[in-house]
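# Build me a model from this:
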Amino acid sequence: MDYAPTQHLGRRTDLFAALAVGRRWAFAFGTAFLALASTAAQSAGTIAGTDIINSAQATYDAPGGGTPVTIDSNMVTIKVDELLDVTVVSSDPGDVTVAPGWTGQVLTYQLTNSGNGSEAFTLSADTTKPGDEFDTSFEIAILDSNGNGVYDPGVDTIYTPGTNDPILAPDESITVFILSTIPASANDTERAEIELSAIAKTGTGTPGSIFAGQGDGGGDAVIGSSGARDAGSGFFAVQASDVTLVKSATIVDPYGGTEPVPGAVIVYQLVATTIGSSDLTNLAISDAIPADTTYKSESITLEGAPLSDALSDGDAGAFDSGAVTVALGTVPGGQTRTITFQVTID
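Here you go, the predicted model:
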């Protein structure tokens, strides 16, 4: 009679133990998955090589109302792999304006390690992209060594592939400058595309591909959505400006005719026409008075309006040292300015 209850209590204890083991494993796996889903330390994700360590516990009331029993699961350790990702974008707000024949023209890019481990990147520039209207000549790539985002000649570092490939921490960015020469044959309004590419030195490939054991901290390296390579494009746009100058003359002789005889007045007309899509700055026209003639004072006009001969009276015209000058200032492309002045044949 005394033994039967003891057997029954043993069966109850076995049942509790079995339930505890089942709950132990359920807690272990469930909590481990929750830990994986909630450990984003930065935009690139949890740092590669981080150990995610987790265990679970099960508690139950001891038989007979004693102290509750707590049972620990085994520890589950998961090492975070390195995700290889990169982004390259142009930092210029729009097309960079250039003119034919210019050298050392700068396009600016931002390279960002969007993976979760420290990674080196190899860079290359493509100046022969199809679909644009002219190709530049690649000069050099420069790394922004002082981090101010502006190209500083003699301060920033010349980039040599395989020698000083930038090594970036997760989420770290670096500015890269590409210097180019604009060909003299480039025409007004034409554009050129220059593409900067970056590839992870660990490797590239299809997203999800694995480089076993090559990740930071001893884990694997896994190709991210970018394929561990990216490219961004910047553009040059030509704004070529020039001016044509056409001179003509009409003659009024003292007898009411048009013969160039002594005493006849020559009216010279100068027509300046700007060409191209950009402004011409500090445009000035000058014309020396020819030999055997005498300048007729206060005869300069601009667009039909009279200008004075004085040098410093505030208007655009002047007569000095035997020459007529008219300062036109900044003139937009595609506009015309007409100047006249008179001389008398001696």
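# Correct me if wrong: Ala99 contacts Phe236.
No. Between Ala99 and Phe236 there is no contact under Cβ atoms under 8 Å: 10.0 Å. For the C-beta atoms, the positions are set from N, CA and C on the backbone; glycine is no exception.
# who has more neighbours, the two?
Phe236 (25 against 16; other Cβ atoms under 10 Å).
# what about that one, distance to Asp230?
Phe236 sits 21 Å away from Asp230, going by Cβ to Cβ, to the nearest Å.
# One more: Tyr159?
Tyr159 is 17 Å from Asp230, where distance means Cβ to Cβ.
# residue ranges with poor pLDDT in the chain?
For the chain, the stretches with pLDDT under 70 are 1-42.
# Domain parsing of it, as residue ranges.
What automatic domain parsing lists as the domains of the chain is 3-80, 84-238, 241-345.
# thinking again about what came up before, what sits in contact with each of Ala99 and Phe236?
Common contact partners of Ala99 and Phe236 (Cβ atoms under 8 Å, 6 or more residues apart in numbering): Ile182.
# Show me the helices in the chain, by range?
Along the chain, counting by DSSP state H, helices occupy 3-37.
# I'd guessed Thr281 sits against Thr330; true?
Yes. The pair Thr281 and Thr330 passes the contact test of Cβ under 8 Å, sitting 4.9 Å apart.
# Could you pull up the contacting residues of the closest residue in space to Gly149 that isn't next to it in sequence?
Leaving aside its sequence neighbours, Gly149 sits nearest to Thr175 (Cβ to Cβ, 6 or more residues apart in numbering; 5.2 Å). Applying Cβ under 8 Å, 6+ apart, we find Thr175 in contact with 91, 108-111, 143-144, 147, 149.
# 10 Å instead, please
By Cβ atoms under 10 Å, 6 or more residues apart in numbering, the residues touching Thr175 are 91, 108-111, 142-151, 156.
# and the gap between it and Thr336?
To Thr336, Thr175 is 44 Å away according to Cβ to Cβ.
# Thr206 now?
Per Cβ to Cβ, Thr206 is found 61 Å from Thr336.
# got it, and Ala56?
As judged by Cβ to Cβ, Ala56 and Thr336 stand 86 Å apart.
# quick one, which of those two is more surrounded?
Using other Cβ under 10 Å as the criterion, Ala56 and Thr336 rank with Ala56 on top: 20 against 13.
# surely Asp72 meets Asn54?
No. The criterion here is Cβ atoms under 10 Å, and Asp72 misses it with Asn54 at 11.4 Å.
# Please identify which of the two sits among more neighbours.
Asn54 (19 against 12).
# who does that one bridge with?
Residues in a beta bridge with Asn54, per DSSP bridges, are Val76.
# Equivalent analysis for Ala125, please.
According to DSSP bridges, beta-bridge pairing links Ala125 with Leu196.
# Hmm, it is touching Ser137, no?
No. Using Cβ under 10 Å, Ala125 is not in contact with Ser137, being 11.1 Å away.
# got any residues that touch both of the two?
Common contact partners of Ala125 and Ser137 (Cβ under 10 Å, 6+ apart): 179-180.
# Counting neighbours around each, name which of those two comes out higher.
With neighbours defined as other Cβ under 10 Å, Ala125 and Ser137 compare such that Ala125 has more, 22 against 11.
# ok, now which ones touch the more buried one?
Applying Cβ under 10 Å, 6+ apart to Ala125 gives the contacts 107, 109, 136, 138-141, 159, 176, 178-180, 194-197, 231, 234.
# what are the ranges of the strands in the stretch 201-346 of the chain?
210-211, 221-223, 229-238, 241-252, 265-276, 280-288, 293-295, 301-302, 305-306, 317-320, 323-331, 336-345 (DSSP state E, counting those that start in this stretch).
# show me where the stretch 1-150 of the chain has strands.
Counting by DSSP E, counting those that start in this stretch, the stretch 1-150 of the chain has these strands, from start to end: 51-54, 57-60, 69-72, 76-79, 82-84, 86-90, 96-98, 105-113, 119-126, 137-143.
# got the CA positions of the last one in CSV?
C-alpha atoms of strand 137-143 as CSV (Å, rounded to 0.1, in the frame of the first residue of the first chain):
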residue,chain,number,x,y,z
SER,A,137,40.7,61.2,-72.2
PHE,A,138,41.2,59.8,-68.8
GLU,A,139,43.9,61.5,-66.8
ILE,A,140,43.9,60.2,-63.3
ALA,A,141,41.8,59.0,-60.3
ILE,A,142,42.2,60.8,-57.0
LEU,A,143,41.2,59.8,-53.5
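# let's have the chain start at 132 instead
Sure, I'll start numbering at 132, so the last one becomes strand 268-274.
# Report all helices and strands that that strand contacts.
Contacts defined by 3 or more Cβ pairs under 10 Å, 6 or more residues apart in numbering; DSSP states H and E place strand 268-274 against strand 236-244, strand 250-257, strand 288-289, strand 304-312.
# Contacts made by stretch 375-393 with the rest, please.
Counting by Cβ under 10 Å, 6+ apart, 394-406, 416, 418, 423, 467-471, 473-477 sit against stretch 375-393.
# Now the terminal residues of it, how far apart.
In stretch 375-393, first residue to last residue: 32 Å (Cα to Cα, to the nearest Å).
# Could you give me the buried positions within it?
For stretch 375-393, burial by neighbour count (16 or more other Cβ atoms under 10 Å) applies to no residue.
# mind listing what Leu214 touches?
Contacts here follow Cβ under 10 Å, 6+ apart; on that basis Leu214 touches 175-177, 179, 245-248, 250, 301, 338, 346, 351-357, 359.
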